[in-house]
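*Asks:* I'd like to go over a predicted model; first the sequence, then the structure.
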Amino acid sequence: MSAPGTPVLQVTDLDVDIKLRSSVVHAVQGVSLEVGEGETVGIVGESGCGKSTLGLALAGLLPSNTAVRGSIRLGDREVAGLRERDLRRVRGTEVGIVFQDPMTSLNPTQRIGVQVGEALRVQRGASKAEAQAAAADMLNLVGLPRPNEQLDRFPHELSGGMRQRVVIAAALICRPRLLIADEPTTALDVTTQAQILELFGHLRETLGMATLLITHDMGVVAGHADRVFVMYAGREAEIGRTAEIFDTPRHRYTAALLDSVLRLETPRRSELATIPGRPPDLTVSTAGCPFVPRCPAASDQCSAELPPVSGEGRHHWRCYHPADQAEGTLSAAEAPR
Amino acid sequence: MTAHPTASDPAAAGPPSAGPAAAPLLSLVNVTKHYRGGGVLSRSAAPVQAVSGVSLEIAAGTTLGIVGESGCGKSTLGRMVVGLEKPTDGEVRLRGAALATMTRAERRVARYDVQMMFQDPYAALNPRMTLARIIEEPLRAKGGMSRQQRRTLVRQLAGETGLAVSQLDRYPRELSGGQRQRVGLARALATSPALIVADEPVSALDVSVRSQILNLMTALQAEHQLSYLMVSHDLTVIHYLADYIAVMYLGTIVESGPPGQIFGAPAHHYTRALIDAVPEPVPGRTGPASAIRGELPSASAPPSGCRFRTRCPAATALCAQQEPALRDFGAGHRAACHFPLTEPQAEVAS
């Protein structure tokens, strides 16, 4: 383990059920995950695979129609099952959260200085002047020009990229040990995205927080995550160091996902690899591997029983027919059906 | 600023008015769109210069890709091509005929010749209509077909776009994003258009589904000799599909050319920065530190001279004084920069 001492975050056998009127969505099923100090773990998968629900569960932001089982430890403290009042304290001080759309995270009627400094006032009882001073420091750290002037401005006066910097400043004002960033650059332009991703790297070096980077963009995790957690149908498909995941993916889903990424090197107008079908309906429980209906290598065993976790070192996958280690992708000969 | 054409005819330079005998399918001649500035309270504000003097051409059966960041005017340009917006100045010509001077009957024909596909298929599809009805809608509006003929055609379109006939009685909410985009394509194809304007058609989709839609668009283009005007912020998508690419910045075209030139030897610093900012799925590669800093300036008060100069790593005093002319870099490649990254061949006469 690269993490010295206790991991910042330790999730064990986490289930999240979302209760709807006539059904239950098993959004997260049996997820275990560790994140060490200063480490960035990318969480990837298609929409509907449970990445965002996992992020909300870890942030303690799930709505009331959800049920959580399993353990979430922040440092040496169990936070699963905490009451709302205690959760709020954890949220404000130990976990920072950044969402996709900065405009929905910010209050349009409040000045930026107040919003960035709020957690310090509420959680640490800082005075107004202290909070403002800390907010200005934080805005400077996230790269807002002339931070003291920005304190009195409103969110609508800033561009999308600057707003996202403000959200990041607010999330980090109490120096949390864990930052959860859910698609933090998806709504931004490419050049702004590059700037914000650079900022995350810089902040990690300066503040040393652990980061969970939730994204659908394999390009974003490739450049910015130490390890990658691939989710499918609410479950772990594969986890490993970023280079292992990209160079020698073992789960068929990981391999298929990587194959379908469009790159600048992709030959123009060539037939693109796709993943047939779509992610399964998570209201229906299945016995076997959830990827079976879309998997080129699925066998009877795959449908009968969920593959156990297998792996080497810190590289783990749940697959009975892992992709060839050398090729990383499926060779036609080994597909049993 | 001058026009530029297509991969099929990359050597044809010069303004479109002096163009070859066969008019291109679509030409934009010095198209400009200004919006009245400010909100309801600021009637005196400077106009927003969404598009300023853009000239482009699309040949039949080819794809023109327009790439740029939000606020660069690319979507406004697309909307003017389908007639959802009228240019403040300049002309949109379909097969050589200006849309603005067409008779009513001609405009009706033109409307069915150019169709649109949107980014968010959910917002673009009427939630109260079945898929069959959605795809049939433009045919009913166009007229001239019996109910039976329309039904047959709808089934055929569903087949072509990979929708099951059994799905035609369903409603948009029952579909996935990819299937909705297939419906969007089927509807756009219904009137047998020559050109489809696709504004970010795959941006909202997951990677696997994105590949399916791009495969489908490529196949349909070959089959129907379709032209696409593809508007996107995503360089990988533009690179994959476009025969000719125009890079827009603050309402103007800063560089245009075939994909080989644009990606292989970009001349404009903005194009270079866009390419460098693409997050590549290669572990550990974070790309060069982004060369461009700061924010997009306001479109109601664009910088003097070169509009990109406030963010350009190579800008000098000259860039503030003089707007760079579009220069020829060979093989249909043009760029407007005083200090280009590659050597121009000559000044383009305008």
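*Replies:* Looks like it arrived, so ask away.

*Asks:* A:P276 reaches A:R294, doesn't it?
*Replies:* Yes. Using C-beta atoms under 8 Å, A:P276 is in contact with A:R294, at 5.7 Å. C-beta coordinates here come from the backbone N, C-alpha and C atoms, glycine included.

*Asks:* those two: which is more packed in?
*Replies:* Neighbours were tallied for A:P276 and for A:R294 using other C-beta atoms under 10 Å in any protein chain shown; the higher tally belongs to A:R294 (19 against 11).

*Asks:* just the pLDDT at the more buried one, thanks.
*Replies:* On pLDDT, A:R294 comes in at 95.

*Asks:* how much space separates it from chain B?
*Replies:* From A:R294 over to chain B the distance is 9 Å, taken as C-beta to the nearest C-beta, to the nearest Å.

*Asks:* the closest residue to chain A within the stretch 201-350 of chain B - how many residues pack around it?
*Replies:* Ranked by C-beta to the nearest C-beta, the top residue of the stretch 201-350 of chain B for proximity to chain A is B:P279, at 3.2 Å. Neighbour count for B:P279, taken as other C-beta under 10 Å: 23.

*Asks:* tell me where chain A has helices.
*Replies:* A:51-59, A:84-93, A:102-105, A:112-124, A:128-141, A:147-150, A:160-172, A:190-207, A:218-224, A:242-247, A:252-259, A:300-304 (DSSP state H).

*Asks:* now for residue 215, how many residues are close by?
*Replies:* Unless you meant another one, I'm taking chain A. A:T215: 23 surrounding residues under other C-beta under 10 Å.

*Asks:* correction: the question concerned chain B.
*Replies:* With other C-beta under 10 Å as criterion, B:N215 counts 17.

*Asks:* what about the residue of chain B most remote from its centre, which SS state?
*Replies:* Distance from the C-alpha centroid of chain B, by C-alpha atoms, centre = their mean, peaks at B:Q148 (35.1 Å). Three-state call for B:Q148 (DSSP: H, G, I helix; E, B strand; the rest coil): helix.

*Asks:* and it, how far from A:V31?
*Replies:* 54 Å (C-beta to C-beta, to the nearest Å).

*Asks:* kindly report the same for B:A204.
*Replies:* Counting by C-beta to C-beta - B:A204 and A:V31 are separated by 26 Å.

*Asks:* between the two, who's got more neighbours?
*Replies:* Under the criterion of other C-beta under 10 Å, the comparison of B:A204 against A:V31 puts A:V31 first, with 23 against 19.

*Asks:* okay, and the beta partners of that one?
*Replies:* Legend: beta-bridge partners of A:V31 under DSSP bridges are A:L14.

*Asks:* dump the residue contacts of it.
*Replies:* Applying C-beta atoms under 8 Å, 6 or more residues apart in numbering or on different chains to A:V31 gives the contacts A:V11, A:D13, A:L14, A:D15, A:L54, A:G70, A:M231, A:G234, A:R235, A:E236.

*Asks:* and the fifth one, what does it touch?
*Replies:* With contact taken as C-beta under 8 Å, 6+ apart, A:L54 is in contact with A:L14, A:V16, A:A27, A:V28, A:V31, A:I43, A:I214, A:M231.

*Asks:* and what of the second one?
*Replies:* Remark: with contacts taken as C-beta under 8 Å, 6+ apart, A:D13 is in contact with A:G30, A:V31, A:S32, A:R69, A:G70, A:S71.

*Asks:* again, but for B:L205
*Replies:* Counting by C-beta under 8 Å, 6+ apart, B:L205 makes contact with B:G177, B:G178, B:Q181, B:I213.

*Asks:* before we move on, what about A:F246?
*Replies:* Contacts of A:F246 by C-beta under 8 Å, 6+ apart are A:M218, A:A222, A:V228, A:L258, B:P281, B:V282, B:P283.

*Asks:* same check, this time on B:R173
*Replies:* Residues near B:R173 by C-beta under 8 Å, 6+ apart: B:Y122, B:P127.

*Asks:* which SS class is the residue nearest to the spatial centre of chain B?
*Replies:* Central residue of chain B (C-alpha atoms, centre = their mean): B:V231, 3.3 Å from the mean position. Here B:V231 takes the strand state, with states given by three-state DSSP.

*Asks:* wait, isn't it in contact with B:C72?
*Replies:* No. Judged on C-beta under 8 Å, B:V231 makes no contact with B:C72 at a distance of 9.9 Å.

*Asks:* what touches both of the two?
*Replies:* With contacts defined as C-beta under 8 Å, 6+ apart, no residue is shared by B:V231 and B:C72.

*Asks:* roughly how far apart are B:G68 and A:A126?
*Replies:* If you go by C-beta to C-beta, the gap between B:G68 and A:A126 works out to 43 Å.

*Asks:* same drill for these two, tell me which one is more crowded.
*Replies:* Counted by other C-beta under 10 Å, B:G68 and A:A126 do not tie: B:G68 has more neighbours, with 27 against 20.

*Asks:* OK, contacts around the more buried one?
*Replies:* So B:G68 contacts B:K74, B:H233, B:V247, B:M248, B:Y249 (C-beta under 8 Å, 6+ apart).

*Asks:* and it, what's its pLDDT?
*Replies:* pLDDT, B:G68: 93.

*Asks:* and what of A:P102?
*Replies:* 84.

*Asks:* check B:V40 too.
*Replies:* 56.

*Asks:* ok, back up a step: which one of the contacts of A:V31 sits closest to chain B?
*Replies:* Closest to chain B, out of all of the contacts of A:V31 and judged by C-beta to the nearest C-beta, is A:M231, at 12.8 Å.

*Asks:* returning to what we had before: what's the farthest-apart pair in the contacts of A:F246?
*Replies:* A:V228 and B:V282 (13.1 Å; C-beta to C-beta).

*Asks:* distance of the residue nearest to B:R327 when sequence neighbours are not counted from B:P24?
*Replies:* Closest residue to B:R327 apart from its sequence neighbours, by C-beta to C-beta, 6 or more residues apart in numbering or on different chains: B:P344 at 4.1 Å. Taking C-beta to C-beta as the measure, B:P344 falls 24 Å from B:P24.

*Asks:* repeat that for A:P308.
*Replies:* From A:P308 over to B:P24 (counting by C-beta to C-beta), the distance is 61 Å.

*Asks:* which one's more surrounded, those two?
*Replies:* Neighbours were counted for A:P308 and for B:P24 using other C-beta under 10 Å; B:P24 has more, 25 against 8.

*Asks:* helix, strand or coil for the more buried one?
*Replies:* Once three-state DSSP is applied, B:P24 turns out coil.

*Asks:* that one and B:L56 touch, don't they?
*Replies:* No. If you go by C-beta under 8 Å, B:P24 and B:L56 don't touch, sitting 9.3 Å apart.

*Asks:* rewinding a little: what number of residues lie near the residue nearest to B:R327?
*Replies:* 18.

*Asks:* quick one: residues contacting it.
*Replies:* With C-beta under 8 Å, 6+ apart, B:P344 has these contacts: B:A267, B:R327, B:D328, B:F329, B:A335.

*Asks:* next one: B:V207
*Replies:* By C-beta under 8 Å, 6+ apart, the neighbours of B:V207 are A:E46, A:H216, A:M218, A:L257, A:S260, A:V261, A:L262.

*Asks:* and the residues you listed, which are buried?
*Replies:* A:E46, A:H216, A:M218, A:L257, A:S260, A:V261, A:L262 (16 or more other C-beta atoms under 10 Å in any protein chain shown).
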